[in-house]
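Visitor: Mind folding the following:
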Amino acid sequence: MAGLAGRYATALFELARDNRQIEAVSASLDRVRQALDSSPELSQLTTSPLVGRDDALRGIMAAADSLGVDPTTRNFLGVLARNRRLGTLPEVIRGFFRLYAAHRGETTAEVTSAHALDDAQVSALKTKLRSMLGRDVAVDLRVDPAILGGLVVRVGSRMIDSSLKTKLDSLALAMKEG
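Guide: Numbering: from 1, shown residues only. Take a look at the predicted model:
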């Protein structure tokens with residue numbers, strides 16, 4: 001894990017592991033991730049350069065309290081706010097979950113879909129990826145309507161792009177050349 005977000009993710013994971021709080025931190029980060037995805041206000045709080053350090057700290061602490069995050073995660077969010085690093089939060093969360101998956105002996109697949117996947121679709125995807133890769137797979141789900149349909153799956157350096165946008169772009173290129 002490289003970069004600033006990787007260092008923060010590693011520090012949080014090691015702290016959670018050493019304090020035997022991985023499950024609690026994982027559950028809390030999942031709630032924070034869902035809140036970031038569903039609340040434009042929270043997302044703006046973490047990314048806007050116009051929000052001052054003190055306001056960001058108060059806002060993220062209020063969000064942490066309302067989400068019921070564990071003390072380790074709450075303190076970590078405070079550190080990010082005080083260091084003006086809340087903008088890295090989504091990447092830190094992804095990094096934490098990659099480390100957590102590796103800790104459990106799993107591979108992490110980043111999956112982008114045009115629409116949110118339901119539980120049955122996620123389960124089927126995990127089964128398919130497990131058969132392809134020969135090991136358990138944790139999925140990091142993202143929604144990007146710009147891909148129009150299908151999936152983009154990244155596992156390490158491998159990418160499987162079955163998005164409708166890519167297929168249409170390929171068709172348009174083939175028509176230009178032909």
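Visitor: For this protein, which segments count as strands?
Guide: 107-113, 137-143, 151-155, 158-161 (DSSP state E).
Visitor: Tell me which of the ones you listed sits most buried.
Guide: Across the strands of the chain, averaging neighbours per residue (mean count of other Cβ atoms under 10 Å) puts strand 107-113 on top, at a mean of 20. C-beta coordinates here come from the backbone N, C-alpha and C atoms, glycine included.
Visitor: At the geometric centre of the protein, which residue do we find?
Guide: Compute the mean C-alpha point of the chain, and by Cα atoms, centre = their mean the closest residue is R94, 3.7 Å away.
Visitor: Could you say which one of the strands of the chain comes nearest to V79?
Guide: Comparison of the strands of the chain against V79 by Cβ to Cβ identifies strand 137-143 as nearest, at 23.0 Å.
Visitor: what does that closest one contact?
Guide: Outside of strand 137-143, the residues within contact range by Cβ atoms under 8 Å, 6 or more residues apart in numbering are 37, 94, 97-98, 100-101, 104, 106-117, 122, 125-126, 129-130, 155.
Visitor: now the angle from that strand to strand 107-113?
Guide: Strand 137-143 and strand 107-113 are oriented at 20 degrees to each other (axes from the mean of the first three to the mean of the last three Cα atoms, to 10 degrees).
Visitor: Parallel or antiparallel, which strands does strand 137-143 pair with?
Guide: strand 107-113 (parallel) (DSSP bridges).
Visitor: Pull the strand it pairs with out as CSV, backbone CA atoms only.
Guide: C-alpha atoms of strand 107-113 as CSV (Å, rounded to 0.1, in the frame of the first residue of the first chain):
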residue,chain,number,x,y,z
THR,A,107,-7.9,-11.5,-2.3
THR,A,108,-9.7,-8.2,-2.8
ALA,A,109,-11.5,-7.5,-6.0
GLU,A,110,-12.5,-3.9,-6.8
VAL,A,111,-15.9,-4.2,-8.6
THR,A,112,-17.5,-1.3,-10.4
SER,A,113,-21.0,-1.6,-11.6
